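Novice: Okay, predicted coordinates and the sequence, questions at the end:
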Number of protein chains: 2
Amino acid sequence: MINKLVEKIKKTEAPVVAGLDPMLSYVPEHLLKKSYAQFGETLEGAADAVWQFNKGIIDSIYDLVPAVKPQIAMYEQFGIEGLKVFQKTVDYCHEKDLVVIGDVKRGDIGSTSAAYAAAHLGRVAVAGNRFSAFDEDFATVNPYFGTDGVQPFLDVCKEENKGIFILVKTSNPSSGEFQDQLIDGKPLYEYVGEKVAAWGAQHMGDTYSYVGAVVGATYPQVGRMMRKVMPKAYILVPGYGAQGGKGADLAPYFNEDGLGAIVNSSRGIIAAYKQEQYARFSAENYADASRQAVLDMIEDLRQAW
Amino acid sequence: MINKLVEKIKKTEAPVVAGLDPMLSYVPEHLLKKSYAQFGETLEGAADAVWQFNKGIIDSIYDLVPAVKPQIAMYEQFGIEGLKVFQKTVDYCHEKDLVVIGDVKRGDIGSTSAAYAAAHLGRVAVAGNRFSAFDEDFATVNPYFGTDGVQPFLDVCKEENKGIFILVKTSNPSSGEFQDQLIDGKPLYEYVGEKVAAWGAQHMGDTYSYVGAVVGATYPQVGRMMRKVMPKAYILVPGYGAQGGKGADLAPYFNEDGLGAIVNSSRGIIAAYKQEQYARFSAENYADASRQAVLDMIEDLRQAW
């Protein structure tokens, strides 16, 4: 799957992942109205509106980007109905041949991580059959438990040809509270990055590992350092755009081959029509605004790689 | 909710939480057969078997324990059908007046944590209405993102009278890989524990905080230290029984008031009938074996508090 991701990035010339993190406040009025009319002002109605919103965006951008990253929390908040839409979104993106990174940030003790890995990347055995639950291509993983919390994900990745991105340095303002703490003069995130490199060596694709890392766009100097610590790890970079990162700042996240990083934008793409810059599209044509935002992002990122 | 938990612990004289972490391999043959006959050897069939299994155990032990802790990964692996059973289990435990700790170990950047907090503890706004998705009483939270990843949970807890347990020192063998690393001579978990105490001061119940902590049973010396660092935090103690912890080892997790800790057992309770000690109950009477295991656990824990 890492080979497919690299191939698609080369083909689209776009190291871009579109974050499908819909807030209800992003969904244009005309879609809300239609879904509420059909399913009521209920969780089902809200979930349907999110689904219609997603579908419009996916249809509009699938030829431009290699990958999407649905953030499961945004679906989980609508309960079962929301999770059905998460599943539908994953399936629909697969129909469009997009690589799907499930932004689930799971992680637990071994036996529990094994269940999460089965849920998101693998299959679960029921009598003689094996079923996929959500079937993303990659999942994000929280490292706090250490190796035995990560290993079950690695095992499933090997079996299913899937990948993971492990949280190393996150993009939020207080990420430093624990992640920057120095251990023998070395920040915790570097420590985690070294583990990512070691775990990744267990499962290599053609040029990059199936084990990638999350390093926020908001800390370019960290990007530079982590690029060296984990040369074979694809870096998933959140925090571009709405969170403050800019294209030119992202050069340190890439390797000399122009690969090695994929930059996420969520709000900046899916809620583009709400920005002054794209207001001309209007809410009715929100998906066209998203397409333009992707084109502009690709252009902006050309300064980085 | 922390007041209710403390009250129920006093009333039952059982600082015990039953971990509802069903593996399909724990479900007795007669339940599997029945569910597969009705729903096929499918995710729906498997989920129904888990539900019947849970129901039997809950009916058998609800008068003995103050709380249950369903581990969502075990349900998530069966996809939507599994998550419906997670929800049914939470609701059914509430009918039985049990405190429900959703073992979800969520945590993300602020806006995403807010969605998780809404999903598990709060409500989500849809037009003029507000709906609960899963509606647990407590949730477990991963601290890796720092304060702004935790704050949305605190906000929802205040609004909804709910609580959280933050991962401090987990019970798994490799928990030390990151959690034990020394920062200015102090392990990371102690650092996290100090934050738990600070976050907890924001939201106090009568005697304990709405913000608790997870500290594994497998490290009693850590329990002793963390008890002092977070005197007002309820400690949720995993790792008892199947993972190696014993009652007498758990004294350091309790305060002098005999409170302050609640000990989880999952496999040891729900799969008791598979242990030699309870083999006399047979698979047909698995729920009676679970009841006996709870009674024995309560007895064992009397040495600790």
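Specialist: Arrived safely.

Novice: wait, does the longest helix along chain A contact chain B?
Specialist: The longest helix of chain A (DSSP state H) is helix A:43-61. Yes: shown here: helix A:43-61 in contact with chain B (Cβ under 8 Å from any Cβ of the partner chain) through A:L43, A:G45, A:A46. (C-beta placed from N, C-alpha, C; glycine too.)

Novice: Dump those into JSON lines; add pLDDT and neighbour count as well.
Specialist: Converted to JSON lines, the residues of helix A:43-61 next to chain B look like this (pLDDT from 0 to 100; neighbours: other Cβ atoms under 10 Å in any protein chain shown):
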{"residue": "A:L43", "pLDDT": "98", "neighbour count": "21"}
{"residue": "A:G45", "pLDDT": "98", "neighbour count": "22"}
{"residue": "A:A46", "pLDDT": "98", "neighbour count": "30"}
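
Novice: Alpha carbons of the longest helix of chain A, in CSV - could you do that?
Specialist: C-alpha atoms of helix A:43-61 as CSV (Å, rounded to 0.1, in the frame of the first residue of the first chain):
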residue,chain,number,x,y,z
LEU,A,43,-28.5,11.8,14.0
GLU,A,44,-29.5,10.1,10.8
GLY,A,45,-30.3,13.3,9.1
ALA,A,46,-27.0,14.9,10.2
ALA,A,47,-25.1,11.8,9.1
ASP,A,48,-26.8,11.8,5.7
ALA,A,49,-25.9,15.5,5.2
VAL,A,50,-22.3,14.7,6.0
TRP,A,51,-22.4,11.9,3.5
GLN,A,52,-23.8,14.1,0.7
PHE,A,53,-21.2,16.7,1.6
ASN,A,54,-18.4,14.2,1.4
LYS,A,55,-19.6,12.7,-1.8
GLY,A,56,-19.7,16.1,-3.5
ILE,A,57,-16.1,16.8,-2.5
ILE,A,58,-14.8,13.4,-3.4
ASP,A,59,-16.4,13.6,-6.9
SER,A,60,-14.8,17.0,-7.3
ILE,A,61,-11.2,16.2,-6.3
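
Novice: Heading C-terminal from it, find the next helix or strand.
Specialist: strand A:67-70 (DSSP states H and E).

Novice: what's the spacing between that following strand and its chain's center?
Specialist: Distance, stretch centre to chain centre, for strand A:67-70: 5 Å (Cα atoms, centre = their mean, to the nearest Å).

Novice: So what are the sheet partners of that strand and their directions?
Specialist: strand A:16-20 (parallel), strand A:99-106 (parallel) (DSSP bridges).

Novice: who touches the following helix or strand past it?
Specialist: Using DSSP H and E, the helix or strand that directly follows strand A:67-70 along the chain is helix A:73-76. Applying Cβ atoms under 8 Å, 6 or more residues apart in numbering or on different chains, the contact partners of helix A:73-76 are A:21-23, A:47, A:50, A:82-83, A:85-86, A:89, B:106, B:108, B:112-113, B:115-116, B:119-120, B:133.

Novice: do the same with stretch A:199-212
Specialist: By Cβ under 8 Å, 6+ apart, stretch A:199-212 touches A:1-3, A:6, A:138, A:147, A:150, A:154, A:157-158, A:162-166, A:196, A:230, A:232-236, A:257, A:259-260.

Novice: Report the buried residues of that stretch.
Specialist: A:W199, A:G200, A:H203, A:G205, A:Y208, A:S209, A:Y210, A:V211, A:G212 (16 or more other Cβ atoms under 10 Å in any protein chain shown).

Novice: Okay, the fourth one and A:I2: tell me how far apart.
Specialist: Spelled out, it's A:G205. 4 Å (Cβ to Cβ, to the nearest Å).

Novice: And the third one, by the same measure?
Specialist: For A:H203, the distance to A:I2 (Cβ to Cβ) stands at 9 Å.

Novice: on that earlier part again, with mean neighbour count and mean pLDDT added, can I get the strands paired with strand A:67-70 in CSV?
Specialist: Formatted as CSV, the strands paired with strand A:67-70 follow (neighbours: other Cβ atoms under 10 Å in any protein chain shown; pLDDT from 0 to 100):
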stretch, mean neighbour count, mean pLDDT
strand A:16-20, 26, 98
strand A:99-106, 27, 98
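
Novice: export these to CSV and tack on distance to A:C93?
Specialist: Shown next, in CSV, are the strands paired with strand A:67-70 (distance: least, Cβ to Cβ, whole Å):
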stretch, distance to A:C93
strand A:16-20, 8
strand A:99-106, 5
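
Novice: what does the stretch 201-305 of chain A put close to chain B?
Specialist: So the stretch 201-305 of chain A meets chain B at A:P238 (Cβ under 8 Å from any Cβ).

Novice: hey, where'd the strands end up in the stretch 201-305 of chain A?
Specialist: A:211-215, A:235-237, A:261-265 (DSSP state E, counting those that start in this stretch).

Novice: Grab the nearest non-local neighbour of A:G268.
Specialist: Closest residue to A:G268 apart from its sequence neighbours, by Cβ to Cβ, 6 or more residues apart in numbering or on different chains: A:G241 at 3.2 Å.

Novice: Thought A:D296 was touching the one you found, still the case?
Specialist: No: if you go by Cβ atoms under 8 Å, A:G241 and A:D296 don't touch, sitting 9.8 Å apart.

Novice: What ranges does chain A have for its helices?
Specialist: A:2-12, A:29-39, A:43-61, A:73-76, A:79-95, A:110-120, A:147-160, A:176-179, A:188-201, A:220-229, A:267-270, A:286-301.

Novice: deepest of the ones you listed, which one?
Specialist: Stretch with highest mean neighbour count among the helices of chain A: helix A:73-76 (a mean of 27; mean count of other Cβ atoms under 10 Å in any protein chain shown).

Novice: Mean confidence (pLDDT) on it, please.
Specialist: Model confidence over helix A:73-76, given as mean pLDDT, is 98.

Novice: ok, now which ones touch A:P187?
Specialist: A:Q179, A:D180, A:Q181.

Novice: OK, contacts around A:S282?
Specialist: For A:S282, counting by Cβ under 8 Å, 6+ apart, the contacting residues are A:Y273.

Novice: If we use 10 Å, what do you get?
Specialist: Contacts here follow Cβ atoms under 10 Å, 6 or more residues apart in numbering or on different chains; on that basis A:S282 touches A:P28, A:Y273, A:D288, A:A289.

Novice: same thing with A:I9?
Specialist: A:15-17, A:65-67, A:99, A:234, A:258-262, A:305.
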